[in-house]
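Enquirer: just coords:
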Ligand code: SF4
Ligand code: SF4
């Protein structure tokens, strides 16, 4: 019987150039809630082994994200669309022997990507825009509201759209949503 060859390819990141490294980045990250322990990651790989997204992707690797933060590869991290693949399931957080919160680190990096690189997945922009304009993340069609009446369910609470809008304005999120660049999907590299 001929030997079966696996078609899975391990993604090999491009060579790191010295000018890409920001030695202060890890210190900045470790002062932000959720990313405090990034420097104690000792690269055991448990997070990647147990991550449900890494299981189905040849390039999303939580262990690599921690290492890139330690090395100071800020721009690479913030421009990497794969950052948005994390499902925030927190399996990595539960299993890390060092107590590193990869899910928290990803959240911090996403916030930086949105603020510094004005980059967001299209679906995030759509959901945030819905929330800002209607108080609900999803637009609720009239047919669905009618179904609630038929089922004897109480009407949905009326959101205070003015206050929601104020929060978006005060936090700068309204302006960000206007200028943000979006992408529809994360392509394989
Ligand atoms: S499980 Fe924790 S220590 Fe191990 S590679 Fe992941 S973040 Fe680092
Ligand atoms: S929180 Fe994100 S990185 Fe961690 S295991 Fe879940 S999908 Fe993977």
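Expert: Yes, it's here. Predicted model, so just to flag it, every value in this text is computed and none were measured. Ligands and ions are numbered 1, 2, ... in the order given.
Enquirer: Tell me the pLDDT of residue 186.
Expert: At residue 186, the model reports a pLDDT of 85.
Enquirer: Quick check: the gap between the closest residue to it other than its chain neighbours and ligand 1.
Expert: Using CB to CB, 6 or more residues apart in numbering and skipping the chain neighbours, the partner closest in space to residue 186 is residue 81 (4.6 Å). Heads up, the C-betas are built off the backbone N, CA and C, glycines and all. Residue 81 sits 21 Å away from ligand 1, going by CB to the nearest ligand atom, to the nearest Å.
Enquirer: got the residue ranges for the helices in the chain?
Expert: Along the chain, counting by DSSP state H, helices occupy 25-29, 46-50, 62-71, 74-79, 91-95, 102-116, 122-134, 142-150, 161-170, 173-179.
Enquirer: Tabulate the ones you listed (CSV), appending distance to ligand 2 and mean pLDDT.
Expert: Listed next are the helices of the chain as CSV, based on distance: least, CB to the nearest ligand atom, whole Å; pLDDT from 0 to 100:
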stretch, distance to ligand 2, mean pLDDT
helix 25-29, 16, 98
helix 46-50, 6, 98
helix 62-71, 4, 97
helix 74-79, 13, 96
helix 91-95, 3, 98
helix 102-116, 4, 97
helix 122-134, 16, 95
helix 142-150, 30, 94
helix 161-170, 26, 96
helix 173-179, 23, 95
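Enquirer: So which of the ones you listed has the densest surroundings on average?
Expert: When you average the neighbours per residue for each of the helices of the chain (mean count of other CB atoms under 10 Å), helix 62-71 leads with a mean of 22.
Enquirer: and the angle from that helix to helix 102-116?
Expert: 60 degrees (axes from the mean of the first three to the mean of the last three CA atoms, to 10 degrees).
Enquirer: which ones are touching the nearest residue to residue 61 once chain neighbours are set aside?
Expert: The shortest distance from residue 61 to any non-neighbouring residue, by CB to CB, 6+ apart, is to residue 48 (4.9 Å). Residues in contact with residue 48, defined by CB atoms under 8 Å, 6 or more residues apart in numbering, are 54, 61, 62, 63, 64.
Enquirer: Now the residue sitting nearest the centre point of the chain: closest residue in space that isn't a chain neighbour?
Expert: The chain has residue 84 as the residue nearest its centroid, 3.8 Å off, counting by CA atoms, centre = their mean. Leaving aside its chain neighbours, residue 84 sits nearest to residue 121 (4.9 Å; criterion: CB to CB, 6+ apart).
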